[in-house]
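Enquirer: quick check, what structure comes out for this input:
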Amino acid sequence: MLFRSCLICDIALDDISGIELLRSLRATGLRTPCIFVTAHATPHCREEARQHGAVCMLDKPVDPDDLVGWLSCVLNTAPDTAASPK
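Expert: Okay, the predicted model is just below:
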């Protein structure tokens, strides 16, 4: 089984953090991979995102080649086996 979708989400949303959104989605059983983007990544934020199943966190401004590489990796990989793009 390969993933056919990927959530790309900012960490800073209006009413909820991106991490809280991912936590809520995971609680419903959704396993869609998530790539976070942020302008204010901290080591704690990165670790928390990883703990909740984020594939990666990209810093803004996002390099389009990095995003395409991660999407390619995620969308062509079986669940729970995604690794960083080469």
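Enquirer: quick one: contacts for the nearest residue in space to Asp59 that is not next to it in sequence?
Expert: By the measure of CB to CB, 6 or more residues apart in numbering, the closest residue to Asp59 outside its immediate chain neighbours is Ala41, 5.8 Å from it. C-betas here are computed from N, CA, C, even on glycine. Residues touching Ala41, when contacts are defined by CB atoms under 8 Å, 6 or more residues apart in numbering, comprise Ile11, Met57, Asp59.
Enquirer: which one of the residues you listed has the most neighbours?
Expert: Neighbour counts for the contacts of Ala41 (other CB atoms under 10 Å) peak at Ile11, which has 24 neighbours.
Enquirer: quick check: pLDDT value at that residue.
Expert: Confidence at Ile11, expressed as pLDDT, is 95.
Enquirer: contact partners for it?
Expert: The neighbourhood of Ile11, defined by CB under 8 Å, 6+ apart, consists of Ser17, Gly18, Ile19, Phe36, Val37, Thr38, His40, Ala41, Cys45, Ala49, Met57.
Enquirer: gap between it and Ala41?
Expert: Distance from Ile11 to Ala41, counting by CB to CB, to the nearest Å: 8 Å.
Enquirer: how close does the most centrally placed residue in the chain sit to Ser17?
Expert: Centroid-nearest residue in the chain, with CA atoms, centre = their mean: Ile35, separated by 2.1 Å. Note on Ile35: its distance to Ser17, by CB to CB, is 15 Å.
Enquirer: then Arg23?
Expert: As it turns out, when the distance is counted by CB to CB, Arg23 lies 9 Å from Ser17.
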